[in-house]
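# Return atomic coordinates for the entry below.
(3 chains)
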Amino acid sequence: MIKYLIKRILWMIPMLIGISLISFFIMHLAPGDITSSEASFNPKASEESRQKLRELYNLDKPVIVQYGLWLKRIVSLDFGNSFASHQRPVLWQTKDKNGNIIKGLIQESLPITLLINLIGIFLIFSISIILGTISAVKQNSIVDRSITFFIFVAFAIPGFWLALLLMYWTGVMNQWLPISGLHSLDYKSFSQVGQFFDLLKHLILPVSISMLSGLAGISLYVRNGMLDVLHQDFITTARSKGLKEKNIIFTHALKNAILPLITIIGLSIPGLIGGSVIAESIFAIPGMGKLFYDSVLMRDFPVIMGILTIGSVLTLIGTLIADIGYAWADPRIRKGLVK
Amino acid sequence: MKQFYTLLFSLIFLISCSNNNSEVIDYNDNKISAGGTLINAMSAEPSNLISMIAGDGASSAIASKIFNSLIRYDENLNFTDDIAESWEISDDQKTITFNIKKGLKWEDGMPLTSSDVYFTWKLITDPKTRTPYGSDYTIVSEVEIPDEHTFIVTYEDNYAPALDTWASLEILPKHILKDEDINSTFFSRNPTGSNYYKLGDWVSGQQVNLIKNKNGILGVPFINKLTSRIIPDTSSQFLELSAGNIDLMNINPIQFKRVFPAKPKLKNKTSLYKEMGNGYTYLGFNLKRKPFNNKKIRQAINYAINKQEVIKGVLLGLGEPISSPYKPGTRWNNPSLKPYAYDPEKALDLLKEAGYEMSSENYLTKDGKILEFEIITNQNKQREMTAVLIQRRLKEIGIKVTIRVIEWASFVNRFIKTGNFDVVVLGWSLSLDPDQFNIWHSSQQGPGQFNFVGYENKKVDMLLEEGRRELDLDKREKIYHEFSKYLLEDSPIVYLYAGYGLTAVNKRIKGIKSPAPPAGIYHNSYDWYIPKSLRRNELSDK
Amino acid sequence: MSIFKGNPLTLIGFIIITIILFIAVFASVLSPYDPNYIDINSILLPPSFEHLMGTDGLGRDVLSRMLYGARISLFVGFVAVGIATLIGIVLGSIAGFYGGWVDSIIMRLVDIMLSIPTFFLILAVIAFLTPSIWNIMIVIGLTSWMGVTRLVRAEFLSLRQRDFVLASIVMGTSNRKVITKHLLPNSLTPIIVSSVLGIASAVLIESGLSFLGLGVQAPTASWGNILTDGKEYIQFAWWLSLFPGLAILITVLGYNLLGEGLRDVLDPKNK
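Residues are numbered from 1 along each chain as shown, chains lettered A, B, ... in the order given. Next up is the predicted model:
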């Protein structure tokens, strides 16, 4: 097992290089660069000055040279500066000579996305465990079917459509919730507690929407896991010993059924930092999804590469955790892996 | 099942219900007073507030409220004072002398003088500055600042668009920027300006707040604070407007013509404004390709397109057909020119003259090949719809058209730059200066240059060169009227429409000129005000 | 049909899918109008007897566009999933059967693909290929095979330890035969289930791509682009978003119910 682990971790280095190389070339496969944005298609902007910009950004060099330059910087953890947002650092803040702090793009977007996704995942897991357990215990009953039906409906609704309907209902028709944004306009004048509740109020809709599509998968996972466990010998033994059904489910079965969820948690780590462009556009939330999308449209290469690099590191760690969890949960596979 | 029904019912409920909140606000209060906050929505965040480097619409919208230029356009699009109170053009038309107002101050109280102007000129012409707009200023051969209040520029050759270029260069403060690297300075997120407003605070990705600048060189506005909320999705913007959370947004023709009339409550609290827009949409031929090198074919297609139908279908009538690349109603527009009428028969005649015949499958053919081409355009709903309407009309006279919609950067690099296209649907701005050299002169056809349709006409070349050198407005007008005539006749592009700019503004905002002057409704935004009774309960509004 | 016994949801799913397939196949017969017929004098009409689902921004009949859209949306789903499943089966079989360095390389490739956001791949490919219906299907397919690969590999790994497989290997059956005769047929259930569920996701992905303007392009109708057109007027022209929204919901729901039902019935663990 330890040998396997070391092997996997060593594998990560060539893989990271592979991913960055592939990403870099895909990025350059799509035609255009920072000088071909819609705003620069302007007769007042001459081709010579655009050429000059290309030279300043090293965009006139062959792709492989550009990749080399990027790789050289990234080994010293320098993610570079954005082309599109006036040389702002991609990752982390820097200080200029007058002591002004210039915040990094990822530094500003990541906490927002992380917050929404953490709340979302927490809710998904809590609700799914409840729904999945009920479903399994009441297998094939009306309750089981209703739950299955409900979680599939939640999965099947096009998110942005539901989002707009809910925004209209809760924001325009009845002014219960704010429509978009993260804060009220004058939130800075609120107390700390006030600011917290203000943020919470703004997060209700985005978190609910992002949660809906995730419920189905995890609930079913818990349900099926629970069914497996309920049919196993030790449960039957417990039953025959005359233990209360409630006890059996909550102390013995549930624990065993949700252990494999670790695998899924591993796989959802990269998802934590990748926001959704669509939800973020609709709710006017400046998160990672929108940042990435805009960067791609603007061909803001340093930002694209920065986000992809961080994303792939997390994904690799996530899949590693998932694989280990999987192997640990299923001895048959462990054998296969070790061999 | 129950959950599902609840959900379904709430969906139906949601759609069928209308707003029952009946708060009665009297919008007839017109008492002018200073104060209040105007909240508007913008689709994108400004990239930085130094216009010469930024270039995106969001940045220049904010920057123009903070910075001044030497001169500006007035409401009728004539030049008027800004930093300079007056200007003189020498007899040989090569030298312009700007007389700068006395006692001007930056928002921090430092004096604003000719050395700031000189500094800004130096900056934009510095090869190290990452700006795409330098070329208009590098042609200045000599700059003098004999004293604090005079700025003199001399051109090698007469340059008629010169005044326009000085009206679009925003002057930056030398005392702050002289030791900064303009390409990365923090100033771009924390500027010091001289206009009506200054930056209050900027919450990344969410909002930009401008507050009244008491040292503003053109005066002090009524409204205290301008908040620009960044809401990328226009549907969300509209929901915010409906809920009264924002005061102002750009709307589309369907919202203007259909949604507002159908929503009396929303209509009661909102005023709608329309103004001549800043751009036009056209169908451009690749003149380097057969059969578009044939003028008759281009004219035939021009006759076969029903522009009124396009305007009615795409803009719900909220636009105008045009016949020259200038704003209707301005002096550069030649009023004697008329757009090509919709005349499919004439189109067919012209195509037959060019050797085409109707085949048995109802397509026009010549030498066994049917007349077919591909219209490409970028992802823009209106352009897509336009292409679809054109496709239908051209099919009726026997031309086979396919449509391809492409993401912008790919569109430019793969098709426009390489000249690898048949026909495009695109837009140009209706520029305030009539110079169209970069778009139509035969020398401007290189990759990345703007005469990508490949238009060549010696007379037009001459007129464009002449127009650049002539600073006398009346003579210049004649030149461009003549130019427009040739351009229309040659039909390298089909003018489709110039759409109106449409804006919805909450009725609490007063003082907006209607009908809008040629310069648009924003022109007098510093004269807008919010009567006390109509303001929001703003804690921050002191 | 024993599949539907005991679980009405599976039956519901089956009925939904049958109806939708029927609609897609007979769209041209069922449509009251030409889906691309433009009538600028009847823009955005609410539902009436003439136009049961109203008209859109160019006066086109929404019902007809919905019917033809069913064709496109389902077609995209089927072909995309077909491509993904094919790639998944081939790579998954190889990895699961041979193991060793081949397995390592394939699985690392899966990891690489999983760590590059799908949307980025799609955007790059579309920017390069331009978004025709075919390209969208290919792109969705090329970016969603990783799940199937993992699945097939896992099945193979556990099947390989079974006696009957070991026996036939010992008996000297060729590798190809072992794969096609023993391993694949026994892995078919999860593959079918995941394909059915995959179609559901592809329909949703197409609508998401449409939202970003990267989906099926004008003038071809797909549910995704009708819905995207309609979102702008959600409080006014509700018919433009309600019908495609519900259509997507019902279809995706149908595939999911069917897929899960199949899994329940075919999976021996649940018996």
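# end to end, how far does stretch B:68-76 reach?
The first and final residues of stretch B:68-76 sit 19 Å from each other (C-alpha to C-alpha, to the nearest Å).
# CA atoms of the helix or strand where C:L166 lies as CSV?
C:L166 is part of helix C:163-170, with elements assigned from DSSP states H and E. Below are the C-alpha coordinates for helix C:163-170, written out as CSV (Å, rounded to 0.1, in the frame of the first residue of the first chain):
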residue,chain,number,x,y,z
ASP,C,163,-13.5,-18.2,-11.1
PHE,C,164,-15.0,-18.6,-14.5
VAL,C,165,-12.8,-15.9,-15.9
LEU,C,166,-9.7,-17.3,-14.3
ALA,C,167,-10.7,-20.7,-15.5
SER,C,168,-11.0,-19.7,-19.1
ILE,C,169,-7.6,-17.8,-18.9
VAL,C,170,-6.0,-20.9,-17.6
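# list the buried ones in that helix?
C:V165 (16 or more other C-beta atoms under 10 Å in any protein chain shown). Glycine gets a C-beta too; all of them are placed from N, C-alpha and C.
# which element follows it toward the C-terminus?
Going down the chain from helix C:163-170, the next helix or strand is helix C:175-177, by DSSP H and E.
# Report whether the next helix or strand after that following helix contacts chain B.
Using DSSP H and E, the helix or strand that follows helix C:175-177 in sequence is helix C:184-211. No: applying C-beta under 8 Å from any C-beta of the partner chain, one finds helix C:184-211 separated from chain B by no less than 9.3 Å.
# which other helices and strands contact helix C:184-211?
Here helix C:184-211 touches helix A:142-156, helix C:62-98, helix C:133-142, helix C:146-160, helix C:223-231, helix C:239-266, going by 3 or more C-beta pairs under 8 Å, 6 or more residues apart in numbering or on different chains; DSSP states H and E.
# Give me the contacts around the helix holding C:L166.
Residues from elsewhere that reach helix C:163-170, judged by C-beta atoms under 8 Å, 6 or more residues apart in numbering or on different chains: C:L159, C:R160, C:K177, C:V178, C:K181, C:H182, C:L183.
# Of the helices and strands packed on helix C:184-211, flag the one that's most buried.
Using mean count of other C-beta atoms under 10 Å in any protein chain shown, the stretch among the helices and strands packed on helix C:184-211 with the largest mean neighbour count is helix C:223-231, at a mean of 26.
# for the helices and strands packed on helix C:184-211, which one sits closest to A:M167?
Of all the helices and strands packed on helix C:184-211, helix C:223-231 sits nearest to A:M167, with 10.9 Å by C-beta to C-beta.
# For B:Y340, give me its contacts.
B:Q299, B:N302, B:Y303, B:I305, B:K307, B:L488, B:S491, B:V494.
# Is it located within a strand, as I assumed?
No: counting by DSSP: H, G, I helix; E, B strand; the rest coil, B:Y340 is not part of a strand but coil.
# Quick check: it vs B:P321, distance?
B:Y340 sits 9 Å away from B:P321, going by C-beta to C-beta, to the nearest Å.
# overlap in contacts of the two?
By C-beta under 8 Å, 6+ apart, the residues touching both B:Y340 and B:P321 are B:K307.
# Adding distance to B:S33 and mean pLDDT, write the helices and strands packed on helix C:184-211 out as a markdown table.
Below are those laid out as a markdown table (distance: least, C-beta to C-beta, whole Å; pLDDT from 0 to 100):
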| stretch | distance to B:S33 | mean pLDDT |
| --- | --- | --- |
| helix A:142-156 | 51 | 90 |
| helix C:62-98 | 50 | 91 |
| helix C:133-142 | 57 | 84 |
| helix C:146-160 | 63 | 87 |
| helix C:223-231 | 40 | 89 |
| helix C:239-266 | 43 | 89 |
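# any chance of the ones you listed in TSV, plus distance to chain B?
Output for the helices and strands packed on helix C:184-211, formatted as TSV (distance: least, C-beta to the nearest C-beta, whole Å):
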stretch	distance to chain B
helix A:142-156	5
helix C:62-98	13
helix C:133-142	11
helix C:146-160	25
helix C:223-231	5
helix C:239-266	6
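# To B:V412, which of those lies closest?
Among the helices and strands packed on helix C:184-211, helix C:133-142 comes nearest to B:V412, with 19.7 Å by C-beta to C-beta.
# CA atoms of the closest one as CSV?
Taking C-alpha atoms only, helix C:133-142 is exported to CSV below (Å, rounded to 0.1, in the frame of the first residue of the first chain):
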residue,chain,number,x,y,z
ILE,C,133,-24.4,20.3,-34.2
TRP,C,134,-21.9,17.5,-35.1
ASN,C,135,-19.1,19.2,-33.4
ILE,C,136,-21.1,19.8,-30.3
MET,C,137,-21.9,16.1,-30.1
ILE,C,138,-18.3,15.1,-30.7
VAL,C,139,-17.1,17.6,-28.2
ILE,C,140,-19.5,16.5,-25.5
GLY,C,141,-18.6,12.9,-26.3
LEU,C,142,-14.8,13.5,-26.2
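# need the helices for the stretch 151-300 of chain A, in chain order.
For the stretch 151-300 of chain A, applying DSSP state H, counting those that start in this stretch gives helices covering A:159-167, A:192-230, A:233-240, A:245-247, A:254-258, A:261-273, A:277-283, A:288-298.
# Out of these, which is closest to A:K72?
With C-beta to C-beta as the criterion, A:K72 lies closest to helix A:288-298 of the helices of the stretch 151-300 of chain A, at 21.2 Å.
# And chain B, is the helix or strand following that closest one touching that?
Next in sequence after helix A:288-298, counting helices and strands by DSSP H and E, comes helix A:301-329. No: against chain B, helix A:301-329 shows no contacts by C-beta under 8 Å from any C-beta, the least distance being 12.0 Å.
# What residues sit buried inside helix A:301-329?
Within helix A:301-329, the residues scored as buried using 16+ other C-beta under 10 Å are A:301-316, A:318-327.
# For the nearest residue to B:K214 once chain neighbours are set aside, pull up the helix or strand it's in.
Distance criterion C-beta to C-beta, 6 or more residues apart in numbering or on different chains; nearest residue to B:K214, sequence neighbours excluded, is B:V220 at 6.2 Å. Using DSSP H and E, B:V220 is not contained in any helix or strand.
# Quick check: phi and psi on B:V220?
Main-chain torsions, B:V220, degrees, to the nearest 10: phi -120, psi 130.
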